[in-house]
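Visitor: Dropping the sequence and predicted coords here.
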Amino acid sequence: MIRTFDEILNKVKCGVRKKIAVAVAQDEPVLEAVRDAKNMGLADAVLVGDKEKIQEIANALGINLDDFEVIDEKDNSKAAMKAVELVSTKKADMLMKGLIDTATFLRAVLDKEKGLRTGRVLSHVAVFEVPALQRILLVTDAAMNIAPDLNTKKQILENAVKVAHAIGIEVPKVAPVCAVEVVNPDMQPTLDAAALSKMNDRGQIKGCIVDGPLAIDNALSEEAAKHKGIKSPVAGQADIILVPNIETGNVMYKTLTYTANAKNGGILVGAAAPVILTSRADSNESKLYSIALACLVACL
Ligand SMILES: CCCC(=O)OP(=O)(O)O
């Protein structure tokens with residue numbers, strides 16, 4: 001069983017160094033992460049952003065910019081578009097969000113002409129190493145889909161299963177979480193959770209075990225499930241938490257990061273290339289883990 005990001009980093013051995021296009025690269029943790037990814041042989045990077053600021057930060061960190069291509073673009077929207085274009089024209093293999101808000105970054109990713117749309121649902125998959133848990137935990141979707149319907153949730157779930165498989169979780173257990181563990185016709189997420197579970201039973205969703213609705217306590221804790229008398233193949237053992245909406249996902253992401261001492265990484269799946277997407281406030285370590293996840297998915 002995969003328990004740590006160190007194990008995930010050790011798995012990234014597909015041989016070919018990837019190239020990352022970083023949108024708005026003038027940020028300390030971003031530059032530290034791309035430096036470390038380069039030193040570890042994972043990836044090279046093209047840095048798009050304010051060249052003077054990038055140089056200033058690189059000097060302070062002792063990073064030699066000769067090791068990186070730098071494209072000067074001071075406007076954040078244009079820098080994001082330029083980085084996306086590098087990926088869509090195959091000059092880079094993957095895209096990375098730098099010091100730019102998620103909405104502006106995603107506008108470039110979704111640009112109809114130059115963006116990275118594929119026709120599939122794009123969704124965010126966050127991966128956590130939580131000290132209180134004995135396993136790696138995936139949470140989806142904390143950043144992209146605002147209020148997904150059943151069909152979108154199915155595809156979000158499938159994107160997360162793909163990442164779980166890449167990490168080495170062979171048959172991930174998926175908990176579509178809600179506020180209650182029973183189907184309540186007045187609570188749409190419970191209806192969707194039940195439908196996703198039945199779709200999994202009938203082979204419409206493959207490569208995983210889905211069971212819900214579950215609440216977050218009995219998805220994560222066997223004791224809580226036992227105490228509430230819930231019998232489920234997923235209860236207490238969930239590898240993937242499928243949240244009902246972006247608010248739940250984003251709050252869970254930041255709560256785990258800031259109060260549970262969790263390590264995290266995150267990527268967007270379903271685009272024409274892997275997209276490294278963390279919070280601006282996440283650490284350099286978190287951004288490095290996200291690069292590793294993107295490399296793993298790119299090797300599929
Ligand atoms: C995956 C989290 C996305 C997010 O909330 O980013 P920001 O904190 O930079 O807005």
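Guide: Perfect, thanks for sending it.

Visitor: now for the one helix or strand in the chain whose mean pLDDT sits lowest, which elements pack on it?
Guide: The weakest-scoring helix or strand in the chain, judged by mean pLDDT, DSSP states H and E, is helix 5-11 (a mean of 91). Packed against helix 5-11, as judged by 3 or more CB pairs under 8 Å, 6 or more residues apart in numbering; DSSP states H and E, are the following elements: strand 123-129, strand 263-269, helix 284-298. (C-beta placed from N, C-alpha, C; glycine too.)

Visitor: Contact partners for the closest residue to the ligand within the stretch 151-300 of the chain?
Guide: The nearest approach of the stretch 151-300 of the chain to the ligand comes at Ser279, 3.3 Å away (CB to the nearest ligand atom). Counting by CB atoms under 8 Å, 6 or more residues apart in numbering, Ser279 makes contact with 253-254, 257.

Visitor: restrict those residues to those near the ligand?
Guide: Among the contacts of Ser279, the residues lying close to the ligand (CB under 6 Å from any ligand atom) are Tyr253.

Visitor: Go through the contacts of Ser279 and flag which are in helices.
Guide: The helices, defined by DSSP state H, take in 253-254, 257 from these.

Visitor: now that we have those residues, which one has the most neighbours?
Guide: With neighbours taken as other CB atoms under 10 Å, the top of these is Tyr253, carrying 25 neighbours.

Visitor: now it, nearest residue through space, not along the chain?
Guide: If you skip the residues right next to it in sequence, Tyr253 has Ala142 as its closest partner in space, 4.1 Å away by CB to CB, 6 or more residues apart in numbering.

Visitor: Quick check, that neighbour in contact with Ile246.
Guide: Yes. The criterion here is CB atoms under 8 Å, and Ala142 meets it with Ile246 at 6.8 Å.

Visitor: Have a look at the two and say which one is more surrounded.
Guide: A direct count of neighbours by other CB under 10 Å for Ala142 and Ile246 places Ala142 higher, at 26 against 17.

Visitor: Can you classify Leu157 by secondary structure?
Guide: The three-state label given to Leu157 by DSSP: H, G, I helix; E, B strand; the rest coil is helix.

Visitor: I'd say it and Leu242 touch.
Guide: Yes. The criterion here is CB under 8 Å, and Leu157 meets it with Leu242 at 5.4 Å.

Visitor: sorry, back to before: I'd like the ones in helices among the contacts of Ser279 as CSV, with pLDDT appended.
Guide: Shown next, in CSV, are the ones in helices among the contacts of Ser279 (pLDDT from 0 to 100):
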residue, pLDDT
Tyr253, 98
Lys254, 97
Thr257, 96
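
Visitor: Enumerate every residue touching Glu158.
Guide: So Glu158 contacts Ile205 (CB under 8 Å, 6+ apart).

Visitor: pLDDT of stretch 83-96, averaged?
Guide: Here stretch 83-96 scores 97 as its mean pLDDT.

Visitor: can you tell if that stretch touches the ligand?
Guide: No. Stretch 83-96 does not reach the ligand (CB under 6 Å from any ligand atom); its nearest approach is 12.6 Å.

Visitor: hmm, who's touching that stretch?
Guide: Residues contacting stretch 83-96 (CB under 8 Å, 6+ apart): 18-23, 30, 34, 43, 45-46, 48, 108-109, 111, 114-116, 271-277, 287, 290-291, 294-295, 298.

Visitor: Repeat that for stretch 197-215.
Guide: Residues outside stretch 197-215 that contact it (CB under 8 Å, 6+ apart): 154, 157-158, 161, 164-165, 171-183, 189-190, 193-194, 196, 225, 230, 232-235, 238, 240, 242.
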